[in-house]
Structure formats: structure tokens, C-alpha cells
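A.B. asks: Sequence isn't available, so here's the structure alone:
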């Protein structure tokens, strides 16, 4: 049911982020004053915050979202029963650096210029019709990060793993940095790691185990003050590497592709390490006042071994590239259960800022404060989510990528999710794809030609958002583009895929 308009005003006051208005609905008949009281009671003592961001973990790559038993994630599955589980949670972008930039800045990509992992001109030059927008590598120091905002509220801050937004997060709001830099992946999961800002361990030490040990030691040392542990694991990003016995376990389960069996082993090892962190919270009597967030930075690579209802994967602006698992646990504060509010990782910033009682930075925040959702069981309905990708990202594995065409996971474009509707606007040929996500989760039926009025309605919203955020749209033609070669290569890949 719709609440009184005063609740809308309350949401705006709580978020303080200048976002467009949203409609908040509730299954409970709570007054605005009751909602405010619940939030204030929860904030009486600043919560510790554990934010676990797994790299390239797909929405369907956890046990509670699987239709088979191929993935073994008992810790995460148990956490899901203790958490508010968001089934429609989205990354701010479909690959690593831009998604992390949205999370840490609270801003959509056009405001920071972080669109991809440099460079922006990816793929065969003869197949790119436009000159892409130049990418910004990392967040500038003019942007106040989430770490800086929480630090200003008295939090101890530590980053453990992949940063990817600058040379060292200790210059961007973190007291401690273990293993974070501009580097977007490790070349070795077994020591020696050859990673900046982390000393190699004993030969053969596994990186995920090591980062977890660093987190545990830091939490124990920091427990006398509120703390923010940001844990962006390098796993389960490539290269796929895991102990031989774990790999064999998944080969024995029937996964015939060794690389994909290794991926499943990495997922299990990640789950085990999440369990170590949660056990530490219990042992140190910290669980009661610690908000635990578990999510992924973007969708995972689509793999033939694992069933997945979503189209495409990492790098794509279909659901498989954007929709991610999201669990949020705070015992006796957050009621466990499914919440169908569409959320995006830009929402973490204003939400944690509010819960930590931190001052708002002097910058636009595009996310929505979810405090009322988490602490008073509200549901945000009428809010549009946006993505902008004015660059190219070449195919990863054409037979399974499920992109618009087999040469690219994504060509330059923007997209909007408005209710059940998603519109994708491709810039090269001013093309549109329209999907009803409620009825067509796999995005198989493009309704753009049949529903021109809906296309125009969503395009108008998308146009207004691009103007508001200063989104750069590529218009310069690429002199190297060869339409004949482009089509020949498309035909060749499709022919090879059909033959197999």
C-alpha cells in the first residue's frame, strides 16, 4: 500500500542525496514517525561494517540461487537465511573498475568518467564504427570516497584485496591496505603473488586464505572502535587456480571442463573464507552490532557447465552482466527475508553514511538511502536505474557470451530499468532493445518494434538522465571501420559456433 506523502519527505531527508523522488511502499502499516524511530534506534550505536565484494561472482553462482548442486556455498546459503536477500540487486556497471567506482563514489559513471578497464577502444579496430569516449583510470582525489566518509565519522577503515581505483586506497580513505592498487587481477593465487602492497607468504599460500587472515587480525585489533572492513577479494576472477584436490572434487561431480571445475572450487574456497570472517565476529562478540554485506562487483562469465536463467555475463548490459547476489545481515535490526526492491551498488554510500551518522560530503550522491528498507521493511518501487557505457568491450567467449553480436560483449550504449521494463540504446546505429524483465528474465524477446510508445517513453527518461549527469555520447566516426570486414567476422564466428 502507498504511504502518506510525508513518508516520501522522510525518505528524502534520510537520504540527503539529491536523488529523484521515489515511491516507498510497505507491507506493514507504519507511520513515518514509527519508521524514523526504528531507524534512530538502530543507529543509536554505530554499527561495524563488513563489506565483502567478490570479483566476477555471477548471480546464479551461489547455492541459494542455483537449480543444481554444482556450486557448494554452505556459508553463504546459511547467511542468506539470516539476511535481507535482494533478488533484484544490480552492479553500477558490468565490469570491474566502473562498478567499483560507482560503489566507492556513490555516483553514476558519467560523473566520474570511469567507464571500463582502460583502454576504451577494445576489439578489432575494423569492427568499431565509433571512436569511443576516453576512459578515466580510477577515481580522482576530488571525489570523497565511502571510506573517507566513514573515516570522518570515527571509523577505523581497512581495505583487503582488489582496489582498482588508484595506486593505493590508503590515500583514498583507508587506514590499512592489503593487496590493493591499480592492478585489476592477480596473475597467481599461490604465493609468491607478485602483487603490490602485500608481502608474499610461504610458497604455495593461497591468496584468498591470506587476505582473510589479514582481515581477521585487523578486526581483532580494531574491535574497540567502529570499523569498516572492505573486502574486495580477487577471487573468483581469472586466472582460474585452486588446489588440485578441490578441482578434482568438482571433476568427480561431473563438470567435464577443467577450467570450470576450477572455478567451482574457487567459489567453494571463497565461501569457506567468508565463514572464517563470520566465525571471528561470533568469537569476538561482534556479530550483534555488525552489518555484513555480501555481494559481487558485476556478473560472472557465462559458462556452459552451469545453468543460468539470465542472459549473458560480465561485460554485458543484459541481466547476466548486471544482476548480482546481495545479502545484508544485522542481527535483530534487519529482518531476514526476500526484498524485491531494485537496488544498485550506488545505494551503499548514502545508506552506510546514514547508519554511521557520518556527514554528507559536498558531492552529488546518486544512490538511495536504504535505511527504511533495511530497518523498517519498506520497499522502494518507483525508481529508475541507469547505466552508461560509451566504449567497446570485446567478446570473451562468443559461443556463450550472448551479446548483441558475437564480436563484442557490449558496443557503446546506455540502458534504463524502469519498473519491469529495460531499454538498451546502442549508439552506433541508434538501435533499441526493449525487454519486459518480469515476463522475460532471459531477455529473449525484443519488443522495441512492437511497442514504439514505450521505447519513446523510456528514451525520454534516458535522455534526461544523460543530460543531468553530463554523459558523454560518442559521435565521431572511426576511419578504420570496415562494414564488410565487420560482417565477415560476425558471419565467421556464427558459423564456427553453429558447427560446434
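C.D. replies: Perfect, I can see it now. Remember, predicted model here, so these are calculated numbers, not experimental data.
A.B. asks: Let me know the helix or strand that residue 335 is in.
C.D. replies: Residue 335 belongs to no helix or strand when assigned by DSSP states H and E.
A.B. asks: swap that for residue 38, sorry
C.D. replies: Here residue 38 is assigned to helix 32-42, by DSSP H and E.
A.B. asks: partners of the next helix or strand after that helix in the sheet?
C.D. replies: Sequence order places strand 48-54 as the next helix or strand after helix 32-42, per DSSP H and E. According to DSSP bridges, strand 48-54 forms sheet pairs with strand 227-231 (parallel), strand 290-296 (parallel).
A.B. asks: Mean confidence (pLDDT) on the first one, please.
C.D. replies: Translated: strand 227-231. On average, the pLDDT along strand 227-231 is 98.
A.B. asks: After that strand, which helix or strand is next?
C.D. replies: Strand 227-231 is succeeded, C-terminally, by helix 244-252 (DSSP H and E).
A.B. asks: Which SSE is immediately downstream of that following helix?
C.D. replies: With DSSP H and E setting the assignment, the helix or strand that follows helix 244-252 is helix 258-283.
A.B. asks: so what's residue 378 bridging to?
C.D. replies: With DSSP bridges applied, residue 378 shows beta-bridge pairing to residue 26.
A.B. asks: Give me the number of neighbouring residues for it.
C.D. replies: 23 (other C-beta atoms under 10 Å). From N, CA and C alone the C-beta is placed, and that goes for glycine too.
A.B. asks: quick one: pLDDT of it?
C.D. replies: pLDDT, residue 378: 85.
A.B. asks: and the gap between it and residue 84?
C.D. replies: 11 Å (C-beta to C-beta, to the nearest Å).
A.B. asks: same check, this time on residue 241
C.D. replies: Taken as C-beta to C-beta, the span from residue 241 to residue 84 is 33 Å.
A.B. asks: Repeat that for residue 355.
C.D. replies: In terms of C-beta to C-beta, residue 355 sits 14 Å off from residue 84.
A.B. asks: One more: residue 216?
C.D. replies: Distance, residue 216 to residue 84, by C-beta to C-beta: 25 Å.
A.B. asks: So residue 388: helix, strand or coil?
C.D. replies: strand (DSSP: H, G, I helix; E, B strand; the rest coil).
A.B. asks: Poorly predicted segments of the stretch 51-200 of the chain, please.
C.D. replies: Of all residues in the stretch 51-200 of the chain, none has pLDDT under 70.
A.B. asks: how about the strands in it?
C.D. replies: Counting by DSSP state E, counting those that start in this stretch, the stretch 51-200 of the chain has strands at residues 84-86, 89-90, 156-160, 176-178.
A.B. asks: I'd like the next helix or strand past the last one.
C.D. replies: Reading on from strand 176-178 to the C-terminus, the next helix or strand found by DSSP H and E is helix 207-222.
A.B. asks: list the helices and strands that following helix packs on?
C.D. replies: strand 156-160, strand 176-178, strand 227-231, helix 258-283 (3 or more C-beta pairs under 8 Å, 6 or more residues apart in numbering; DSSP states H and E).
A.B. asks: Relative to residue 307, which of these is closest?
C.D. replies: helix 258-283 (12.5 Å; C-beta to C-beta).
A.B. asks: returning to that earlier point: how about the helices and strands packed on helix 207-222, which one is nearest residue 55?
C.D. replies: Among the helices and strands packed on helix 207-222, helix 258-283 sits nearest to residue 55 (C-beta to C-beta), with 9.4 Å.
A.B. asks: gap between the closest one and the chain center?
C.D. replies: Relative to the chain's own centre, helix 258-283 is displaced by 19 Å; criterion: C-alpha atoms, centre = their mean, to the nearest Å.
A.B. asks: Sounds good, over and out.
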